[in-house]
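> Pasting a predicted model and its sequence here:
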Amino acid sequence: MNFGKCGGALSVARATSRARGVHCNQGEFLFLVMDEDKHRIQTYYRALFRAWGPQHWWPAQSRLEVIVGAYLTQNTAWTNVEKALANLRAARVLSLKGIREISLSELERLIRPAGYFRQKAKRLKLFVAFLDERYKGSLKKLFARPTNDLREELLSLHGIGPETADSILLYAGNHPVFVVDAYTRRIIARHGILSEEASYEEIRDVFERALAPMAEAIADSSDAENQTLAAGIAGAAHPPSAMSTAKRTALTQVYNEMHGLIVGVGKNYCRKSDPSCTECPLFVFLSDGKLRLKGA
């Protein structure tokens, strides 16, 4: 937890304690800050889900398609990933056998729209080789591993960082981990929840602690219909797919849904430049209606 953040939950905690005549040490302030952050994240989840409904992430027909997409989406927009996936489908190689047997040069050609295609082609080949060697080519055996152990294994592979590993765990393996991306960092920094310097693991921990208690209260996404804003934007919603409607635990569903909702905020409103705050469902939660921009 970063004690240096200003204007966010820490200032709220201090103001609250002073108003009540309570004098807290730093450890007690930390507890108040974490409790406030937890409440705000839960409130954001409810507000976004009421506005947009289920987002149906990850849009894919198989676990392998999720994994391939997680690799391809590194440093590029999802629209480019969709083009690359379409090429793989058309060539009938969007399968373990297909990626295993296709030549590296042909794989590079097919995924070229996703950018960094030489690196990504090698990494996809490396993943399949890893799966063959360690798990006899079985995704079922791979995802049967305990979450923490499997996460460490994935992180040891070349080209897999925390976001990619957690995307694979959550969306392909239905493991209960929260995915932190650039949109998440931007939103929590602008809303004063954590600083932009917060580590990936710190942010993940804050969200998991906040969202875990909500799990049992969240309805299965397949029981709800997508709701659309008056502007016609439904967050980052995709049509239901085999993977987005797959059976999963309530905890995994909450982490899944929150990440999709955050993507909707970042993609449509909380843009890196020229943000559209007043139209965003989270605008009411900005302190005094003011956006927190770095250096402001």
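All right, it came through fine. A quick note: this is a predicted structure, and the numbers were derived from the prediction, not measured.

> if I look at the spatially closest residue to residue 212 that is not a sequence neighbour, how far off is residue 267?
Counting by Cβ to Cβ, 6 or more residues apart in numbering, residue 251 is the residue found nearest to residue 212 once chain neighbours are left out, at 6.3 Å. Where you see a C-beta, it was placed from the backbone N, CA and C, and this is true even at glycine. Separation of residue 251 from residue 267 (Cβ to Cβ, to the nearest Å): 25 Å.

> what does residue 107 give?
From residue 107 to residue 267 the distance is 28 Å (Cβ to Cβ).

> The two: who's more crowded?
residue 107 (23 against 15; other Cβ atoms under 10 Å).

> Leaving out the residues flanking it, which one is nearest to the more buried one?
Nearest one to residue 107, counting by Cβ to Cβ, 6+ apart, is residue 121 at 4.3 Å.

> helix/strand/coil for the residue nearest to residue 212?
helix (DSSP: H, G, I helix; E, B strand; the rest coil).

> try the one 5 residues further on
Residue 256 carries the three-state label helix when classified by three-state DSSP.

> Residue 246 now?
Classified using three-state DSSP, residue 246 is coil.

> ok, now residue 163?
helix.

> Check the gap between the closest residue to it other than its chain neighbours and residue 287 for me.
Nearest non-adjacent residue to residue 163, counting by Cβ to Cβ, 6+ apart: residue 181, 5.8 Å away. As defined by Cβ to Cβ, residue 181 lies at a distance of 23 Å from residue 287.

> since we're on residue 239, how many residues are nearby?
Count around residue 239 with other Cβ under 10 Å applied: 8.

> ok, which stretches of the stretch 151-296 of the chain are helices?
Along the stretch 151-296 of the chain, counting by DSSP state H, counting those that start in this stretch, helices occupy 162-167, 182-190, 200-211, 250-268.

> scratch that, the stretch 1-150 of the chain is what I was asking about
Under DSSP H, counting those that start in this stretch, the stretch 1-150 of the chain gives helices at 9-19, 26-52, 63-72, 78-90, 96-101, 104-110, 117-135, 139-143, 147-155.

> domain assignment for this structure?
According to automatic domain parsing, the chain comprises the domains 39-57+180-289, 63-172.

> got those as JSON lines, with mean pLDDT columns?
Converted to JSON lines, these look like this (pLDDT from 0 to 100):
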{"stretch": "domain 39-57+180-289", "mean pLDDT": "87"}
{"stretch": "domain 63-172", "mean pLDDT": "98"}
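
> pLDDT wise, what is the most centrally placed residue in the chain at?
Nearest residue to the geometric centre of the chain (Cα atoms, centre = their mean): residue 179, 3.5 Å. The per-residue pLDDT reported for residue 179 equals 98.

> ok, now residue 294?
pLDDT, residue 294: 51.

> quick revisit: neighbour count winner among residue 181 and residue 287?
Ranked by neighbour count (other Cβ under 10 Å), residue 181 and residue 287 place residue 181 first, with 17 against 14.

> For the more buried one, list the residues it contacts.
Residues in contact with residue 181 (Cβ atoms under 8 Å, 6 or more residues apart in numbering) are 163, 259, 262-263, 266.

> rerun that using 10 Å as the cut-off
Neighbouring residues of residue 181 by Cβ atoms under 10 Å, 6 or more residues apart in numbering: 73, 163, 166-167, 200, 203, 259, 262-263, 266.

> same question, residue 74
Counted by Cβ under 10 Å, 6+ apart, residue 74 has contacts 81, 114-116, 119-120, 123, 159-161, 163-164, 167.

> Could you do residue 270 as well?
So residue 270 contacts 183, 186-187, 189-191, 262, 264, 276-277, 280, 282-283, 291 (Cβ under 10 Å, 6+ apart).

> what about the closest residue to residue 88 other than its chain neighbours, how many residues close to it?
The shortest distance from residue 88 to any non-neighbouring residue, by Cβ to Cβ, 6+ apart, is to residue 94 (4.2 Å). A total of 20 residues lie near residue 94 under the criterion other Cβ under 10 Å.
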